[in-house]
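Asker: fold the following for me, if possible:
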Amino acid sequence: MVAIGIIALRSASVARQSDLEVLRLRPNFYMIAGAGGNIGVQVGVDGVVVVDTGSASNADAVVAAIKRITTQPIRYVIDTSADPDHVGGNETIAKAGETLFTQGGGAGIGADFLGGGASILAVEQVLTRMSAPTGQAQRFPVAALPTEAFTQPRKYMYLNGEGIEVLHQPAAHTDGDAMVFFRRSDVVMAGDILDTTRFPMIDVAKGGTVQGEIEALRKLVDLAIPSVPIVSREEGTLIIPGHGRVCDQLDVVEYRDMVTIVRDRIRDLIKEGRTLEQIKATSPTRGYTRRYGSDTGPWTTNDFVEAVYRGLAQKAK
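Answerer: Prediction:
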């Protein structure tokens, strides 16, 4: 069985009371829950790599939690999307860190590179969405923006004795999603591609599609290895969703199958000429609504059905 250590952190140093949980998943890998989206923390001789930074209101508490884990400096922040509950703490956490190039990085890179703070890495679409066109108000301060953006399907680095792969998943939750695979730790940070608390949030306005969501979940399944042949050990690849509990490969398989079944139901009804309201009346999420559905909040069952319908209807034209 995988041993997970839990440390409850209560911080009075932030504006409101924050309760965070720190879970030790591997000897050098931790998950911080309760700060917005789930946060991954890899530690080692090179410093700290942080995946996602939670909400802005919890940023100071997250920094305090990381300092309780290790005295090593934060070197990199990796964003899985541009959602405020995943990037809100970017500025505070990056400023609490220290760039790898403190002595000058060569090739003209000075010791004050990035102002001395940690680097922030993300897919280019994340930088675009966090920025603003000239003359328009920017949603995030300049210090919160990615300092390294990429467009290729795979960005990689080698820190703390292991390879780290940042895998762009186009057109899933949005068009700027990334999964982060820590190869030696055997941990994948999935971002909001996987959310065990609700149906996947497919943001059509930001390039999300149900088909891209399914493809991203398939990629997750392919990356992960279950605890076979010795299933009694309950080991294998750990997958950290954007929200909710830690998962294994079989959890992702079930989630992928759920999304695929709902997609197929709605697609078949569209082929029959049903309208969106007629499709909703058939309860296409039946069998899964109690587990993942909601009638209130920022992402309801109706929102999910509408997002799937809009993507499929547009494709059918």
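Asker: the biggest helix by length in the chain - contacts with which helices or strands?
Answerer: Ranked by number of residues, the top helix in the chain under DSSP state H is helix 249-271. Counting contacts by 3 or more CB pairs under 8 Å, 6 or more residues apart in numbering; DSSP states H and E, helix 249-271 packs against strand 187-195, helix 210-223, strand 238-243, helix 276-281, helix 301-316. Glycine gets a C-beta too; all of them are placed from N, C-alpha and C.
Asker: any idea which of those is most buried?
Answerer: Comparing the helices and strands packed on helix 249-271 by mean neighbour count (mean count of other CB atoms under 10 Å), strand 187-195 comes out on top with a mean of 28.
Asker: may I have that one exported as CSV, CA atoms only?
Answerer: Below are the C-alpha coordinates for strand 187-195, written out as CSV (Å, rounded to 0.1, in the frame of the first residue of the first chain):
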residue,chain,number,x,y,z
VAL,A,187,3.6,11.0,-10.4
VAL,A,188,1.4,12.8,-12.9
MET,A,189,-0.1,16.2,-12.2
ALA,A,190,-3.2,16.2,-14.5
GLY,A,191,-4.6,19.7,-13.8
ASP,A,192,-8.3,20.2,-14.6
ILE,A,193,-8.2,17.5,-17.3
LEU,A,194,-9.1,15.2,-14.4
ASP,A,195,-11.5,16.5,-11.7
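Asker: given that strand, what are its sheet partners and their directions?
Answerer: strand 177-182 (antiparallel), strand 238-243 (parallel) (DSSP bridges).
Asker: need the residues that contact stretch 198-216.
Answerer: For stretch 198-216, the external contacting residues (CB atoms under 8 Å, 6 or more residues apart in numbering) are 125, 129, 169-177, 179, 192-195, 243, 255-256, 259-260, 262-263, 285, 288, 292-294, 299, 301, 303-304, 307-308, 310-312, 315.
Asker: ok, now stretch 132-150?
Answerer: 79, 84, 87, 90-91, 94-95, 114-115, 117, 119-124, 126-127, 130-131, 166, 168.
Asker: what's the spacing between the closest residue to Val210 other than its chain neighbours and Met157?
Answerer: Distances taken as CB to CB, 6 or more residues apart in numbering place Val308 nearest to Val210, at 4.6 Å, with adjacent residues excluded. Using CB to CB, to the nearest Å, Val308 is found at 35 Å from Met157.
Asker: over to Gly44?
Answerer: For Gly44, the distance to Met157 - CB to CB - is 12 Å.
Asker: and Ile69, by the same measure?
Answerer: On the measure of CB to CB, Ile69 and Met157 end up 20 Å apart.
Asker: find me the pLDDT at the residue nearest to Gly236 when sequence neighbours are not counted, would you?
Answerer: Excluding its sequence neighbours, the residue lying closest to Gly236 (CB to CB, 6+ apart) is Ser227, at 4.0 Å. For Ser227, the pLDDT comes out at 90.
Asker: so what's Ser227 up against?
Answerer: Arg233, Glu234, Glu235, Gly236, Asp248.
Asker: quick one, what contacts the residue nearest the centre of the chain?
Answerer: The chain has Gly191 as the residue nearest its centroid, 1.7 Å off, counting by CA atoms, centre = their mean. The neighbours of Gly191, taking CB under 8 Å, 6+ apart as the test, are Gly37, Asp52, Thr80, Ser81, His86, His173, Asp177, Ala178, Met179, Pro241, Gly242.
Asker: look up which residues are beta-bridged to Val48.
Answerer: With DSSP bridges as the rule, Val48 is bridged to Val43, Ile74.
Asker: measure Tyr288 to Arg198 for me?
Answerer: Distance from Tyr288 to Arg198, by CB to CB: 11 Å.
Asker: give me the common contacts of those two.
Answerer: Contacts common to Tyr288 and Arg198, judged by CB under 8 Å, 6+ apart, are absent.
Asker: tell me the SS of the residue nearest to the residue nearest to the centre of the chain when sequence neighbours are not counted?
Answerer: Leaving aside its sequence neighbours, Gly191 sits nearest to Thr80 (CB to CB, 6+ apart; 2.9 Å). Put simply, Thr80 is coil when judged by DSSP: H, G, I helix; E, B strand; the rest coil.
Asker: for Glu306, see how far away Thr80 is.
Answerer: 24 Å.
Asker: check which residues of the longest helix of the chain are buried.
Answerer: Neighbour counts over helix 249-271 (16 or more other CB atoms under 10 Å) mark 249, 251-253, 255-256, 258-260, 262-263, 265-267, 269-270 as buried.
Asker: quick revisit: just the buried ones from the contacts of Ser227, in ChimeraX syntax?
Answerer: In ChimeraX, this line selects whichever of the contacts of Ser227 come out buried by 16+ other CB under 10 Å:
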select :235,236,248
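Asker: the contacts of Ser227: which two are farthest apart?
Answerer: By the measure CB to CB, Arg233 and Asp248 form the most distant pair in the contacts of Ser227, at 11.5 Å.
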